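The following comprises the amino acid sequence and a computationally predicted model.
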Amino acid sequence: MVKKRIRNPRREESLSRAQIVQASIELLDINGEDGLTFRALSERLVTGAGAIYGHVANKNDLLTAACDAIVARTLEGCAAKKTPKSNLRVIALGLFDALDAHPWVGSALMRAEIHRPMVRILERVGQQVRALGIAREQEWATVAALMNYIIGVATQNAANGQNASKRGIDREEFLGSIADAWLQLDQREYPFTHSVAELLPSHDDRVDFLSGIDLILNGIDAAKRRQR
C-alpha cells in the first residue's frame, strides 16, 4: 500500500513584506547568509516561494530589506540626548551592539551602500555632525571618518565573535590564543605588540570602541578651535 505524502498546511492568511523580512532576520541570525534561502524561508513561513516573490525580487533584495529593518530599529531606539556629541556616541554604540547581535548586518551594509540602510546611517550621523557647527567643507570628511570607524570596527568585532563561536571557544580564550601568538613574535621587531599582548584577553570591546569615537570627536573639537 502506497502511503500518502503528508504536506505541511499552507498559510491561510495573507503574507506581508514585514513578516517575510522578520522571518529572514531570524534565519540570518541562526545560520548566517548561507542559511537564507527561499526554500528555508518558505518552510518557516509555511507558504510557497511564489508568495514571497510577490514581495521581494531576489535574495539580495531580501538581505537588504532585512539589514534595513535592523538599522531602522536601531536608530529609532537611540534616544535623543542634549548634545550632538552625546547623540553620536549613542548612535555609534547602538550600531556596534546591533552588529554584534546580528553579525551578518556588517557585510550586508557593505553591499548596500547606495541603498536605504547605509543612507539611514549617513543621514543620522550627518545631521549630528552638522549640528556640531564645523565648517561645511569639512562635513563630508568628518562624517566619512565616523561612519568608516563605526561600521568597520563593529563589523570586525562581530566577525571576531563569529570566529570564536565557530571554533567553540569563548571570547577570552579566543583572544588569549591571539595574545599567545603575539608573544611568540620577536620582541625586538614587535616591541609594542609584546607590550599590549597581555591586555588583549581582558580588554572591553565596547569601552575601546567608545574611546575611539571620543578620539574622533576630540579631533572635531580641535578643528573647530583652529577655525576661530
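Looks like it came in fine.

How about the spatially most central residue of the chain: what's its closest non-neighbour residue?
Compute the mean C-alpha point of the chain, and by C-alpha atoms, centre = their mean the closest residue is Leu99, 2.8 Å away. Excluding the flanking residues, the one nearest Leu99 by C-beta to C-beta, 6 or more residues apart in numbering is Ala154, at 4.1 Å. In this view, the C-beta of every residue, glycine as well, is placed from N, C-alpha and C.

still on that earlier bit, quick one: the residue nearest to the centre of the chain and Asn87, what's the gap?
Separation of Leu99 from Asn87 (C-beta to C-beta, to the nearest Å): 19 Å.

Please apply the same query to Ala69.
With C-beta to C-beta as the criterion, Ala69 and Asn87 are 22 Å apart.

likewise Ile150?
Relative to Asn87, Ile150 is positioned 13 Å away (C-beta to C-beta).

Next one: the residue nearest to Leu132 when sequence neighbours are not counted, what pLDDT does it get?
Nearest residue to Leu132, sequence neighbours excluded (C-beta to C-beta, 6+ apart): Pro84, at 4.9 Å. Looking at Pro84, its pLDDT is 94.

do the same with Ala197
pLDDT recorded at Ala197 is 93.

That one - how many residues pack around it?
The number of residues packed near Ala197 is 20, by other C-beta atoms under 10 Å.

In the chain, what helix or strand scores lowest on average pLDDT?
One helix or strand of the chain scores below all others by mean pLDDT, DSSP states H and E: helix 49-53, with a mean of 85.

ok, and what's touching the very next helix or strand once past that helix?
Under the assignment DSSP states H and E, the closest C-terminal helix or strand after helix 49-53 is helix 59-76. Outside helix 59-76, the residues that touch it by C-beta atoms under 8 Å, 6 or more residues apart in numbering are 17, 20-22, 24-25, 28, 33, 36-38, 41, 56, 91, 94-95, 97-98, 102, 104-105, 108-109, 111-112, 115-117, 120-121, 124.

Who are the packing partners of the helix or strand harbouring His194?
Assigned by DSSP H and E, His194 belongs to helix 191-197. Applying 3 or more C-beta pairs under 8 Å, 6 or more residues apart in numbering; DSSP states H and E, one finds that helix 191-197 contacts helix 171-183.

got the buried residues for the helix it packs on?
Buried residues in helix 171-183, defined by neighbour count with 16 or more other C-beta atoms under 10 Å: Phe174, Leu175, Gly176, Ala179, Trp182.
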